[in-house]
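*Asks:* Fold the stuff below for me.
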Amino acid sequence: MPSEITIYTDGASSGNPGPGGYGVVLISGKHRLEKSEGFRLTTNNRMELMAVIAGLEALKIPGSRVVVYTDSKYVADSVEKGWVFRWESKAFKKKQNPDLWIRFLKIYRKHKVRFVWIKGHTNNTENEICDRLAVGAYSRSELLEDTGYSPVEESNILL
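*Replies:* From the prediction side, this is the model:
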C-alpha cells in the first residue's frame with residue numbers, strides 16, 4: 001500500500017456565476033501531478049468541489065489514504081461535519097450541486113479521505129499553485145460546458 005497521498009485543491013470563477021476553473025496538485029512520495037480544467041459558466045463552489053473530485057478520480061489504487069487540503073469551507077465542512085451525508089439521506093432536496101455531490105460521494109467512498117481546511121491566499125505554496133491553475137484554466141479560449149450547472153435551478157433553490 002502506498003504512503004499517504006496529499007491533494008491540494010482550489011476552484012475559482014470570474015463572476016459567480018461566470019467562467020470558472022479548478023486546479024489540483026496531487027503528491028505521493030516523489031510523484032507529482034497537476035490538473036486543471038476550465039468551464040464557460042459555473043460557480044466558485046462548483047469549481048471547489050470539482051477540484052476535489054478531479055483529484056480523487058485521478059487516484060489509481062482503491063483504498064488509498066488521502067489528505068485533501070482545501071481553502072473551501074463549503075467543501076471541507078460539508079464532509080468533515082457530516083452535512084453531505086444528511087443531504088444524501090434526503091436525496092439532496094433543496095441543496096445546490098447535487099450532481100457533483102453524488103459524483104463526489106461515489107469516489108470518496110473508494111478511499112480513506114480526510115479534509116484539512118487552509119486559509120486561502122496566505123502563501124501556502126501548493127494552494128497558490130492550485131489558484132494559478134484554476135484561474136489559468138478559465139482564462140483559456142476553449143472552455144468546457146458545466147453540464148450540471150443551471151442558473152435557473154439554482155435561483156429556485158434560493159427561494
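*Asks:* Let me see the ranges of the strands in the chain.
*Replies:* Assigned strands in the chain, in chain order: 5-13, 18-28, 31-42, 65-70, 112-117 (criterion: DSSP state E).
*Asks:* quick one: the last one to strand 5-13, angle?
*Replies:* It refers to strand 112-117. Note on geometry: by axes from the mean of the first three to the mean of the last three Cα atoms, to 10 degrees, strand 112-117 and strand 5-13 are set 50 degrees apart in direction.
*Asks:* Which elements pack onto strand 112-117?
*Replies:* Contact here means 3 or more Cβ pairs under 8 Å, 6 or more residues apart in numbering; DSSP states H and E; on that basis strand 112-117 packs against strand 65-70, helix 73-80. Where C-beta positions appear, they are placed from N, C-alpha and C, glycine not excepted.
*Asks:* now, of the ones you listed, which is deepest in the fold?
*Replies:* strand 65-70 (a mean of 20; mean count of other Cβ atoms under 10 Å).
*Asks:* contact partners of it?
*Replies:* Here strand 65-70 makes contact (Cβ atoms under 8 Å, 6 or more residues apart in numbering) with 1, 3-10, 48, 51-52, 55-56, 59, 76, 111-118, 124, 126-127.
*Asks:* Which of the residues you listed are buried, as a ChimeraX select command?
*Replies:* Entered in ChimeraX, the line below selects the buried ones among those, by 16 or more other Cβ atoms under 10 Å:
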select :5,6,7,8,9,10,48,51,52,55,56,59,76,111,113,115,124,126,127
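*Asks:* I'd like the helices and strands packed on strand 112-117 laid out as CSV, including distance to residue 31 and mean pLDDT.
*Replies:* CSV is the format used below for the helices and strands packed on strand 112-117 (distance: least, Cβ to Cβ, whole Å; pLDDT from 0 to 100):
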stretch, distance to residue 31, mean pLDDT
strand 65-70, 14, 98
helix 73-80, 24, 97
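*Asks:* Tabulate these in TSV, adding columns for distance to residue 29.
*Replies:* As requested, the helices and strands packed on strand 112-117 are arranged in TSV below (distance: least, Cβ to Cβ, whole Å):
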stretch	distance to residue 29
strand 65-70	13
helix 73-80	25
